[in-house]
Structures are given as structure tokens and as C-alpha cells.
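Student: predicted model and sequence below, questions to follow.
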Amino acid sequence: MSIEDYLEAGALEPSSHFVAQFNNRKRIEPPWCRAFRVGDFEQAAQLVIAYEENLRAQVEGGEESLAEYDELWPEPRQLQLRGRTLPAWTGEHVGNVIVYHLQGYGDAFWLGRYLPALLELVDSVSVIAPAIAYDLFKANMPNGVEVFDRFNGADALKRADAWAGSTLLPYQSKQGYGAAAWIKSQHQCAPHDKPRIGVIWSGGASNIFNNLRSISIARLMPLFKIPGLEWHSLQVGEKAGECPEGVINHVDDIGNWLDTAELVASLDLVISVDTGCANLVGAMGRPLWVLVEQYSDFRWGNAGERTPWFPSARVFRQSNAVSRVLRWQPVIHRVAAALVEWKAKRETNAIREGIRQSASKGAANGSSENASGQHPY
């Protein structure tokens, strides 16, 4: 598709992928996300620039208000921060590039994979991370990538030559999908009898699409009744108070995203709606089952159970054929069936591993007895 085709499709097909009603206006998936869905990163970069230029022309012509398009992620050609105006980085070699993230936590964890690669193209990288994600970024960036939060980034701004935003990085860093699993954890998962599963059923209430992506805790109850599983809630905010009896509530253990990452590392699987935590789990390379609405974010693709953005994720999608009232019910049924199968497979693998270890131990003992001159029987 040409840039014009993408832009026209983005403007004229409100039923295509990502639509919601907000203040009586249709919110449509940005056109470059269509290119991201099919892995056309060069086209996506061109679309970001073309869309921003087109939007600026409309604003200057008095046709639209720039504020009305905040949800569509326009990538400005310049960034004004604390009195400084920085040009957008276009891939050339410069001394320092500052990455200033403008969107939600999930987007921050998505773009983190590209930061180490920038060091091959520029002398140094500075990233201004969300405050409660500062420790997480600090613990996972290589030498040459300096991490700041929004309250102590003045020094980073002074030496920056350009700035980079998330939507252009897949192309400019020459990494494409990149290496998703960039977040590591020092936590070692201790042996345990029952499989440990984390769960998140709601995103942040400030997101205008939260009612579309979130699930009522009541709808998840069939999952919690599957025997032989140990459930852990990673839910934060007001919804954490809905944690049902029998599910371990970790709300008091979570002060920032590094705390969440340590908890995720102790689990065998995380089941989540499309939240920042789902992106975190994917960025850790940990097993993730993500439950997505009909018009999902581009990172979860259009169809199927896999996404190249997060190889460790399995995607459970709403069906187009189901009414909005019942949209999550078939999804939960599929997840429940998959959990029973997953649990049975784990048990079978554990038995096989036990047999293998016993055989190895027996062979080692036999070799020791033969070496000592004793009969192996």
C-alpha cells in the first residue's frame, strides 16, 4: 500500500481495527500501526512523518485542534522540554540521543528493546523513563544508556543533540521487531508443588479504552476453580480490592515496576488483559497469555495466537461473531480449556523428568560400583 492508501484507510475505515466512541468522536487506529501489524517498518516511519505533517497543516489551517489527536500518537518533528527545542533524530550519527517516552507503560516496555541498539548508531543514549519504571530501566540498560526520570532529567537535556520517540525506533534502530526479552530478573523461581499463575484483569482507569480491554473479575471465577493451581494477583489500583478469596493479593508488595518484575519471575505463567503488565511480561520473555478485545493493539496482531512482537505470548482474542455483552465469555472458556491442557502437560513432563533423573542417578551409581570392582547388581 502507498502512504496515501494507508492514510485514506485510516481515515475512512472506522470498523477496521481499533475503534471506540469517545466524546462523540471515532477514535481510529493510527495509520502507521497498520504497517507495524505486517512488519513494514520503513513504511511505518514514513507514515508517522507524513501523518504528523498532515496534522500540522490541518491545525495551522484552523481545521482541527492538535489536542484532539493526543491518542493517535503524532510524533512531533521537534520536542520542547524545559525551554530547550530538540530536533527529532533521523538516524544520523550524533553525540547523544535522548529518548523521551510520551505514552503509557506498555509502550515504554515495548520500546525498551531498541535502546541498546541505538548505541551502535550514536555515542550515547539518555532515556527519561516514567518515575515508577525508573528502577526497572536502570537495572536493565547497558553501559552507555543513562536512565533519568522526569524529575532529574535536566542534565540529560543539556547534552542531548536530538530526541527519539517510540514510533520511529523500530526503523531507525534497524532492529525491526528487535529482541523482545530485554528485562532480566535476579529472582530465581524456587521449586513449588502447584503451578503459580499471575492474573491481571483491569488496566488503568485513566485510559479511555479501559472499559473495552478490561474484564469483570466475576467472569474469571471459572479459572480460579480449576483444581491444582495457585493464583497470584498482580492487580494494582482500586481494582486490586476485588481480588477474590483464594487468590494471593500482592498489591502491598508492589511499589514500582521492578517489584512487579520480581513477582513475575517467580511465576510459571501470567494471564492478563492488554495492560502495561502484559507488555512487561512479554519484555521479560516470560510465559504470557494475553486476553484482547476484538480491535486489539497492533502488538497483538490481527489473528492467530502468536505475535512476533512478544514471542513468549499466547493471544486469546474476542470473536467478531459474539455480541458485546457476551464478548469475553468464549474467551474465558478457551482459556479454561487451555489451562487444563497446560497443567496436564506440565504434570506429564514432570513425571518424565523424574524418570530421567532416576535413570541417570542409577547409571552413575552403577558406574561407581563397577569402578570399585563390585558387581553392578
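Tutor: Nice, thanks for sending it over. Just so you know, these numbers come straight off a predicted model, no measurement behind them.

Student: and the helix or strand containing residue 42, average pLDDT?
Tutor: If you go by DSSP states H and E, residue 42 is part of helix 41-60. Here helix 41-60 scores 69 as its mean pLDDT.

Student: make 39 the starting number, not 1.
Tutor: Let's use 39 as the start, then, which means that last one is helix 79-98.

Student: who's in contact with stretch 328-341?
Tutor: Applying CB atoms under 8 Å, 6 or more residues apart in numbering, the set of residues contacting stretch 328-341 from outside is 55-58, 67, 71-72, 74-75, 144, 148, 250-251, 253, 309-312, 316-317, 320, 345-348, 351-358, 365-366, 369, 373. Where you see a C-beta, it was placed from the backbone N, CA and C, and this is true even at glycine.

Student: next: stretch 352-370.
Tutor: Residues contacting stretch 352-370 (CB under 8 Å, 6+ apart): 253-254, 257-258, 260-261, 325-332, 334, 338-339, 341-345, 372-373, 376.

Student: repeat that with 7 Å
Tutor: 253, 257-258, 260-261, 327-332, 334, 338-339, 343-345, 372-373 (CB atoms under 7 Å, 6 or more residues apart in numbering).

Student: among the contacts of stretch 328-341, name the buried ones.
Tutor: Neighbour-count burial (16 or more other CB atoms under 10 Å) applied to the contacts of stretch 328-341 gives 55-58, 67, 71-72, 74-75, 144, 148, 250-251, 253, 309-312, 316-317, 320, 345, 347-348, 351-356, 365-366, 369, 373.

Student: which of those fall in helices?
Tutor: With helices taken from DSSP state H, the overlap with these comprises 71-72, 74-75, 144, 148, 250-251, 316-317, 320, 369, 373.

Student: please give me every residue in contact with the spatially most central residue of the chain.
Tutor: Nearest to the mean C-alpha position of the chain, by CA atoms, centre = their mean, lies residue 317 at 1.5 Å. Taking CB under 7 Å, 6+ apart, we find residue 317 in contact with 144, 147-148.

Student: quick check: the residue nearest to it when sequence neighbours are not counted vs residue 313, distance?
Tutor: Among residues not flanking residue 317 along the chain, residue 144 sits closest, at 3.7 Å (CB to CB, 6 or more residues apart in numbering). Distance, residue 144 to residue 313, using CB to CB, to the nearest Å: 7 Å.

Student: what of residue 133?
Tutor: In terms of CB to CB, residue 133 sits 36 Å off from residue 313.

Student: the two - which one has more neighbours?
Tutor: residue 313 (25 against 11; other CB atoms under 10 Å).

Student: correct me, but the more buried one touches residue 238?
Tutor: Yes. Counting by CB atoms under 7 Å, residue 313 touches residue 238, with 5.6 Å between them.

Student: kindly check the end-to-end length of stretch 148-158 for me.
Tutor: 19 Å (CA to CA, to the nearest Å).

Student: give me the buried positions along that stretch.
Tutor: Those would be 148-157, for stretch 148-158 by 16+ other CB under 10 Å.

Student: dump these into TSV; add secondary structure and distance to residue 391 as well.
Tutor: Below are these laid out as TSV (DSSP: H, G, I helix; E, B strand; the rest coil; distance: CB to CB, whole Å):
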residue	secondary structure	distance to residue 391
148	helix	35
149	helix	38
150	helix	34
151	helix	32
152	helix	37
153	helix	38
154	helix	35
155	helix	37
156	helix	41
157	coil	40
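
Student: would you list those in JSON lines and tack on distance to residue 163?
Tutor: Listed next are the buried residues of stretch 148-158 as JSON lines, based on distance: CB to CB, whole Å:
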{"residue": "148", "distance to residue 163": "17"}
{"residue": "149", "distance to residue 163": "12"}
{"residue": "150", "distance to residue 163": "11"}
{"residue": "151", "distance to residue 163": "13"}
{"residue": "152", "distance to residue 163": "10"}
{"residue": "153", "distance to residue 163": "6"}
{"residue": "154", "distance to residue 163": "8"}
{"residue": "155", "distance to residue 163": "9"}
{"residue": "156", "distance to residue 163": "5"}
{"residue": "157", "distance to residue 163": "6"}
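
Student: tell me who's in contact with the nearest residue to residue 324 once chain neighbours are set aside.
Tutor: Sequence neighbours aside, residue 302 is the residue nearest to residue 324 in space, at 5.6 Å (criterion: CB to CB, 6+ apart). Contact analysis of residue 302 by CB under 7 Å, 6+ apart lists 236, 308, 318-319, 322, 324.

Student: assign residue 302 to helix, strand or coil.
Tutor: helix (DSSP: H, G, I helix; E, B strand; the rest coil).

Student: residues near the residue lying closest to residue 286 once chain neighbours are set aside, how many?
Tutor: Nearest residue to residue 286 in three dimensions, chain neighbours excluded: residue 270, at 4.8 Å (CB to CB, 6+ apart). Residues within reach of residue 270, counting by other CB under 10 Å, total 20.

Student: next SSE after the helix or strand where residue 270 lies?
Tutor: In this structure, residue 270 sits in strand 268-271 according to DSSP H and E. Using DSSP H and E, the helix or strand that follows strand 268-271 in sequence is strand 286-287.
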